[in-house]
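A.B. asks: the following comprises the amino acid sequence and a computationally predicted model.
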Amino acid sequence: MSDKVRVRFAPSPTGYLHIGNARTAFFNWLYARKNGGKFILRIEDTDRERSSAEFERVILDDMRWMGLEWDEGPDCGGEFGPYRQSERLNIYKEYAFQLLENGRAYNCYCTPDELEKRRNELLTKGIAPKYDGRCRNLSEKDRVRYEEEGRRPAIRFIVGDGTVEVDDIVKGKVFFNCSTIGDFIIFRSDGVAVYNLVVVIDDALMKISHIIRGEDHLPNTPRQILLSRALGFSVPKFAHLSTIVGYDRMQLSKRHHGISIGHFRKEGFLPDALLNYLSLIGWSPGGEEEIIPLEDIIERFSLERASKGAAIFEPDKLRWINGVYIRNMDLEKLADALIPFIKKEGVDIEGVDRRWMERMVDAVRDNLETLENVSEYIGIFFGVDINICKKGMDVLKDNGAVDVIKAVRDEIREVDSITQDIYIKMVPSIKKRMKIGGKRLFMPIRVAITGKTKGPELERLFPLLGKDLLLKRIDKVLDHVSKNL
């Protein structure tokens, strides 16, 4: 199989790459890599009004960011190109006319208004709408009359009788009765080839062996199988992946906030973490663990382990996985990844000592679920002024809070510089002297130097901030307390 597997991801450049498309691309990529095959990127841009070069650029950029490099595609070429459908229009026309000549298709002169009227009539009667085939056996007289009226024909494929069996790798055997399908359009009257025709031609000419896509395409499959047979093409193997739904059990759409890959990039998700999470949506690795290196995902991947039921998109779980990857990330690489997010907060880090910055990153990494979360903590490390949160103000109102802060100030004044060891010795000293512990001891200290009630470990913060900055902040907080509380 390894020298025959050819899979494709064929996005339409009519919008951004979202979580469902990304999972489809990833599963195709995984199948190719697992079986030593080829992963082909094809752009389905026959929708002239909605397709754009900008959407195509963003889709390709997002795929590269995820690490889903393709073996053939619009930017790198390949022996079966071109890889944009807009550049293959003459090919589709040739095969459409071949079906006409072979008696497997016919010209249909029905207007959109006529079709809509008949459709509504059937729906009113409770009958599932399908084309009634009235143009299949038009007389020459009727054909001439229609053309004299200025009607431009579409081309319809003759479905015929019988049943189409889809032997789906994920869903199992699925049967479609041809009597429910009806003759369908393969070439519109405006000269544009329709999806079901172009995808069959492209898959055949590009020698696609497996079509791995979302189950929303399953109803198209019998039409595509019939077209493949009529054109003399071999039928590829199909695998239809389960639908991804939100917590409301509705299929993911634009109304589910933040499902585009661009959104995840902007929030500071890591590509490896996103791929790890995508692998768990509608597929089982065969174990209980959820943090799985990409190499292991490739090794374990099989379409037979894909689930038949709908898969729920869980943003909280994605954030948790991303946090694990952040905590396990190489410190230098994490610091580099955080720089754009730190700069976004208006912090000038050009002159900051690199070693100090990495210590700062190491101090906050346990508190981050995304890279963007650094914005919540970066203010702790720069400047004298800090904003005290509402919970922090409540802490300062507690009896003894000010005394704890003053005790810390006195301890800091007695040392030449702040180290982690000095902090570790300082806290027990205050605890013993004031007979206070737990949150009543640590929370006033945290609020006094950060303005927050949660964040990086204090023993890491003290040496990073240094004696002078610590004292200035404590004095500011004490002054604020004396004037406002």
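C.D. replies: Ah, there it is. Numbers count the residues shown, from 1 in each chain.
A.B. asks: wait, what's in contact with Lys454?
C.D. replies: The contact partners of Lys454, by C-beta atoms under 8 Å, 6 or more residues apart in numbering, come to 367, 446. C-beta: built from backbone N, CA, C; applies to glycine.
A.B. asks: for it, which three-state class applies?
C.D. replies: coil (DSSP: H, G, I helix; E, B strand; the rest coil).
A.B. asks: can you pull out the strands in the stretch 201-350 of the chain?
C.D. replies: 210-214, 237-241, 244-245, 311-312 (DSSP state E, counting those that start in this stretch).
A.B. asks: residues in contact with the first one: which ones?
C.D. replies: When you say that, I think you mean strand 210-214. Where contact means C-beta under 8 Å, 6+ apart, the residues beyond strand 210-214 that reach it are 5-8, 20, 24, 27-28, 31, 169, 203, 236-241, 243, 303.
A.B. asks: which of those residues are buried?
C.D. replies: By neighbour count, with 16 or more other C-beta atoms under 10 Å, these hold 5-8, 20, 24, 27-28, 31, 169, 203, 236, 238-241, 243, 303 as buried.
A.B. asks: just the residues you listed: which are in helices?
C.D. replies: Those of the buried ones among the contacts of strand 210-214 mapping onto helices are 20, 24, 27-28, 31, 203, per DSSP state H.
A.B. asks: can you map out the helices along the stretch 101-250 of the chain?
C.D. replies: With helices called from DSSP state H, counting those that start in this stretch, the stretch 101-250 of the chain shows them at 112-124, 140-148, 195-205, 221-230.
A.B. asks: what is the neighbour count of Asp45?
C.D. replies: 21 (other C-beta atoms under 10 Å).
A.B. asks: and Phe269, by the same measure?
C.D. replies: For Phe269, using other C-beta under 10 Å, the count is 23.
A.B. asks: what residues are up against it?
C.D. replies: Counted by C-beta under 8 Å, 6+ apart, Phe269 has contacts 318, 322, 370-371.
A.B. asks: got it, and Val384?
C.D. replies: 469, 472-473, 476.
A.B. asks: and the buried ones among those residues, selectable in PyMOL?
C.D. replies: Only the buried entries of the contacts of Val384 go into this PyMOL selection, using 16+ other C-beta under 10 Å:
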select buried, resi 469+473+476
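A.B. asks: and the furthest pair within the contacts of Val384?
C.D. replies: Leu469 and Lys476 (10.6 Å; C-beta to C-beta).
A.B. asks: can you list the domain ranges for the protein.
C.D. replies: 6-85+245-312, 88-241, 329-381, 390-484 (automatic domain parsing).
A.B. asks: got CSV for those, with mean pLDDT too?
C.D. replies: Output for those, formatted as CSV (pLDDT from 0 to 100):
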stretch, mean pLDDT
domain 6-85+245-312, 93
domain 88-241, 96
domain 329-381, 94
domain 390-484, 92
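A.B. asks: what pairs with the closest residue to Arg188 other than its chain neighbours across the strands?
C.D. replies: Nearest residue to Arg188, sequence neighbours excluded (C-beta to C-beta, 6 or more residues apart in numbering): Ala154, at 5.3 Å. Bridge pairing for Ala154 (DSSP bridges) gives the partners Cys108.
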